[in-house]
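1. I would like to see how this sequence folds:
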Amino acid sequence: MGNNKIGTVEAIMSILTIVVAHTILSLPRILILNTNSSTILNLIYLTIIAMALAYLIYFLLKKFPGLDIVDISENLGGKVFKNIVGAVFIFHFITSSSLLLRNFCEGLKILYFPLTDILFIILLFVIAVCISIRLGSSSVYKTNLIIIPLTLVSIVALFVFNLENFVPQRMFPILGNGFFSTFVLGLTNLSAFGGIAYIYFLPPLLKDPKKLKQISIISVCVIGIYLILCVSIILFIFTSLVSANEIMPLYFAARHIDFGTFFQRLESLFLLIWILAFASYLGTCTTISIGIFKKLTNIKDIKPIANIFVLLILGVSLLPNNMAICELIASNFYGSSVIGIVFILGLSILIIANLKERKKLKVGNSKWKI
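-> Purely as a prediction, here's the structure:
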């Protein structure tokens with residue numbers, strides 16, 4: 001991740017990058033498939049839970065100033081456990097970003113480049129990531145600082161410009177398939193807040209570590225609002241999302257915008273912004289993974305390692321035989337990975353590490369009294 005420290009806004013934008021990329025492709029559709037018309041209510045409920053989880057992560061990290069989850073894992077279980085935890089998080093970032101890259105490029109191929117080999121489309125993103133990584137981690141974070149706000153503005157614009165096409169009645173029944181489906185089974189939609197994973201790695205990177213609480217809470221609030229906007233756009237416009245708009249539903253929503261004959265094909269402008277956002281996402285995931293690997297191996301020169309990680313992303317993205325298989329694997333993998341690795345594993349490590357530290361303090365205090 002480099003030696004450069006990042007500011008509060010850069011950290012927030014980097015967290016949002018992960019969520020934005022998944023939302024551009026198919027995340028809103030998956031959320032709606034899980035909870036139907038109650039998705040908006042479900043997201044309000046999950047935003048509150050995600051805020052509580054983000055605050056809990058901050059509170060637990062606060063006990064280990066300047067350390068991320070990899071460092072804490074070493075304190076908890078030694079170098080072997082540190083390597084295992086680091087490898088698991090690298091696996092999460094690289095695999096999820098690689099599969100999403102394949103899906104995104106398949107979508108571009110269908111929409112704009114039907115005669116182009118998928119390999120060439122993927123290579124364009126891979127080359128862009130390689131260049132950004134070689135320019136240094138600071139370039140990645142500064143790019144996020146420009147691209148992600150632009151992407152957020154594009155979603156707000158998409159919502160506003162489509163107001164005349166909305167049918168708000170489609171949010172009823174407000175509880176969808178019932179209370180249990182919305183508030184219990186709907187907990188699986190918590191994977192939409194996967195950007196929280198980056199909070200685990202922020203403490204050593206921040207210019208002002210005291211801002212971690214602010215970063216965590218603001219990020220989750222923005223993610224919640226952003227997801228509600230995206231889901232509302234799709235829910236209020238489409239009557240049959242699953243059958244008609246499986247590829248980039250937000251892109252199809254952009255096609256509904258009508259400013260008369262003077263402004264046409266505005267969806268291309270939206271897609272251009274989202275392509276840049278997706279490239280930023282790949283750069284962020286690769287930067288995080290390289291930083292973890294550097295910490296595990298103590299390698300000083302990251303340039304050769306950067307090439308390996310970029311090639312790894314390329315290789316994994318080419319593994320699925322077709323888009324259907326890739327989308328099936330990606331949708332199942334990402335949700336399970338976020339719940340299992342980000343929330344269950346990450347929080348378990350922090351909780352046990354805090355209990356261990358508290359036990360050490362009690363033992364130390366008792367010895368001092370004796």
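2. C-alpha from now on. contacts and neighbour counts both.
-> Fine.
3. next secondary structure after the helix or strand that contains residue 56?
-> Here residue 56 is covered by helix 39-61, with elements defined by DSSP states H and E. Sequence-wise, the next helix or strand downstream of helix 39-61 (DSSP H and E) is helix 69-111.
4. now that following helix, how far from the centre of its chain.
-> How far helix 69-111 lies from its chain's middle: 11 Å, per Cα atoms, centre = their mean, to the nearest Å.
5. any buried residues in the helix holding residue 56, and which?
-> By 16 or more other Cα atoms under 10 Å, the buried positions in helix 39-61 come out as 39-47, 50-51, 53-58, 60-61.
6. list the helices and strands it packs on?
-> Secondary-structure packing of helix 39-61 (3 or more Cα pairs under 8 Å, 6 or more residues apart in numbering; DSSP states H and E): helix 27-35, helix 179-183, helix 212-237, helix 346-369.
7. any idea of the mean pLDDT for that helix?
-> The average pLDDT for helix 39-61 rounds to 95.
8. equivalent analysis for stretch 111-119, please.
-> If you average the pLDDT over stretch 111-119, you get 87.
9. first-to-last residue distance for that stretch?
-> Across its full length, stretch 111-119 reaches 16 Å between end residues, using Cα to Cα, to the nearest Å.
10. shaky segments in the stretch 1-150 of the chain?
-> Counting by pLDDT under 70, the stretch 1-150 of the chain shows low-confidence ranges at 1-3.
11. quick one, strands of the stretch 201-350 of the chain?
-> Secondary structure of the stretch 201-350 of the chain (DSSP state E, counting those that start in this stretch): no strands located.
12. can you list the low-confidence ranges for it?
-> Per-residue confidence of the stretch 201-350 of the chain (counting by pLDDT under 70) places the weak regions at 239-246, 259-265, 330.
13. hmm, 80 instead?
-> Using pLDDT under 80 as the threshold, the predicted model of the stretch 201-350 of the chain has low-confidence ranges 239-247, 257-266, 300-304, 321-332.
14. show me where it has its helices.
-> Defined through DSSP state H, counting those that start in this stretch, the helices belonging to the stretch 201-350 of the chain, from first to last, are 212-237, 241-244, 249-254, 267-297, 303-317, 323-337, 346-369.
15. returning to that earlier point: would you list the helices and strands packed on helix 39-61 in a markdown table and tack on distance to residue 15 and mean neighbour count?
-> Conversion of the helices and strands packed on helix 39-61 to a markdown table gives the following (distance: least, Cα to Cα, whole Å; neighbours: other Cα atoms under 10 Å):
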| stretch | distance to residue 15 | mean neighbour count |
| --- | --- | --- |
| helix 27-35 | 16 | 21 |
| helix 179-183 | 25 | 17 |
| helix 212-237 | 7 | 21 |
| helix 346-369 | 16 | 14 |
